[in-house]
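# Kindly generate the corresponding structure for this input.
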Amino acid sequence: MLTRYTMKGVYAIVPTAFKKNGELDEENYRRNIQILCDAGFHGIFSLGSIGEFPHVGLSDFKRIVKIFVDEVKEGVVSIIGASAVNTEEAIIRAKYAQDCGVDAVMNVVPFYYTLQQKECVKYFRDLAEACPDIGILAYDNGYTTKVWLSYETYKELAKIPNFCGCKDINPNMLRYMSLIMDTDLQLWATEEKLIPSMLYGARGFFLSIYWNNPKLSLELYEACKNGDWKRAIEIERRLLTVITHPRSPWKVFGGKYDSHAITKALVNAIGLVHVGPPRRPLIPVSEEDQKAMRELLIEVCPDIFPEKPE
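Okay, the predicted model is just below:
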């Protein structure tokens, strides 16, 4: 069971692998988990946004959790997204993950309706009380849920024993700094404010842009942990070229495909892991555009490939 006191390191966010017909690609999903464990990541998070949790029904959820638990190596933290559109289904998913031995679940609040802050607190309190033997993390994503968890809400959530913290993508740095100073929660950032979060005392971070170079991703963590901020900035700039470059594939193809479809195409193009196309209703990137994306990657950031591209 994960706690706010044992969280540390780099947790890789893994896409769910699907076949062209939409079925779960169990062989590649297993292989991808093995690759990430062998790469040295301290934890793995499955069934988040790029894991396409909204496209995964309960039967596939249970199948994925079983595979995930089978493949995550001892000593690597396992986190599953057990989000749902209502509390009851979220509890069913979280309980299943708990019973299978997953270390933690990480959920957005129920979406469609815009929840009040007190409803967000109640949701996580109900989830934690129903599942006391698994760590609880919030995925604080107001872009999709239409609500950001407030400073006051986190202060309430900090009173829940098995609530660990969150994956925080809120752009409000003042709120973030206050929470880091005023709570013992682990409020982990992703790429958008990774170095500042470590500078203010976070013990790790979630990473989605790791598939271009896992070794550099782990070196970034070590640089932050050791206070070598110059090296950390150098590594982060190199890793994020794929996003920040004026001809980033997301910028070039963003009007044609959903960002998650583009991400999956890029992951497949780089070739460290194989995740297939997105599930319906998302439209997969065409073979012609996948080829163009790979050529674009080689053009704008040729050093990101795990091996030299052919």
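# residues touching the residue nearest to residue 15 when sequence neighbours are not counted, list them.
The shortest distance from residue 15 to any non-neighbouring residue, by C-beta to C-beta, 6 or more residues apart in numbering, is to residue 275 (4.1 Å). All C-beta atoms are positioned from the backbone trio N, CA, C, and that covers glycine. The contact partners of residue 275, taken as C-beta atoms under 8 Å, 6 or more residues apart in numbering, are 15, 16, 17, 18, 25, 28, 32, 264, 267, 268.
# Out of those residues, list just those in helices.
Judged by DSSP state H, helices contain the following of those: 28, 32, 264, 267, 268.
# Redo the contacts of residue 275 as a markdown table? Include distance to residue 159, neighbour count and pLDDT.
Compiled in a markdown table, these are given as follows (distance: C-beta to C-beta, whole Å; neighbours: other C-beta atoms under 10 Å; pLDDT from 0 to 100):
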| residue | distance to residue 159 | neighbour count | pLDDT |
| --- | --- | --- | --- |
| 15 | 34 | 26 | 97 |
| 16 | 33 | 27 | 98 |
| 17 | 38 | 25 | 98 |
| 18 | 39 | 24 | 98 |
| 25 | 41 | 19 | 98 |
| 28 | 41 | 18 | 98 |
| 32 | 37 | 25 | 97 |
| 264 | 39 | 27 | 96 |
| 267 | 39 | 23 | 93 |
| 268 | 43 | 21 | 93 |
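# Need those residues in TSV (columns: distance to residue 78).
Shown next, in TSV, are the contacts of residue 275 (distance: C-beta to C-beta, whole Å):
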residue	distance to residue 78
15	16
16	15
17	17
18	21
25	20
28	18
32	14
264	22
267	20
268	24
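# what's next to the helix or strand bottoming out on mean pLDDT in the chain, contact-wise?
Least confident helix or strand of the chain, by mean pLDDT, DSSP states H and E, is helix 241-244 with a mean of 87. The contact list for helix 241-244, computed with C-beta under 8 Å, 6+ apart, reads 191, 209, 212, 237, 248, 249, 250, 266, 297, 300, 301, 304.
# Any figure for the gap between the fourth one and residue 208?
Noted for residue 237: a distance of 17 Å to residue 208, by C-beta to C-beta, to the nearest Å.
# which one of the two has more residues nearby?
The neighbour comparison of residue 237 against residue 208 (other C-beta atoms under 10 Å) goes to residue 208, with 19 against 10.
# dump the residue contacts of that one.
Counting by C-beta under 8 Å, 6+ apart, residue 208 touches 13, 50, 190, 191, 263.
# how about low-confidence regions in the stretch 201-310 of the chain?
Residue ranges of the stretch 201-310 of the chain with pLDDT under 70: 303-310.
# Tell me which stretches of it form strands.
Counting by DSSP state E, counting those that start in this stretch, residue ranges of the strands within the stretch 201-310 of the chain are 204-207.
# in it, which spans are helices?
Taking DSSP state H, counting those that start in this stretch, the helices of the stretch 201-310 of the chain run over residues 214-225, 229-239, 241-244, 249-253, 259-270, 287-300.
# okay if I get the ones you listed as TSV plus distance to residue 74?
Output for the helices of the stretch 201-310 of the chain, formatted as TSV (distance: least, C-beta to C-beta, whole Å):
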stretch	distance to residue 74
helix 214-225	19
helix 229-239	28
helix 241-244	32
helix 249-253	36
helix 259-270	26
helix 287-300	35
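# Outside of stretch 212-229 itself, list whatever touches it.
By C-beta under 8 Å, 6+ apart, stretch 212-229 touches 9-10, 12, 36, 39-41, 194-195, 198-199, 204-205, 207, 210, 231-232, 235-236, 238-239, 242, 270, 272, 301, 304-306.
# Next, the buried residues of that stretch.
Buried positions in stretch 212-229, judged by neighbour count with 16 or more other C-beta atoms under 10 Å: 212, 213, 214, 216, 217, 218, 219, 220, 221, 223, 224.
# got it, and stretch 90-100?
Within stretch 90-100, the residues scored as buried using 16+ other C-beta under 10 Å are 90, 91, 92, 93, 94, 95, 96, 97, 98, 100.
# what's it in contact with?
58, 61-62, 65-66, 69, 80, 82-84, 105, 107, 110, 123, 126-127, 130-131, 133-134, 136.
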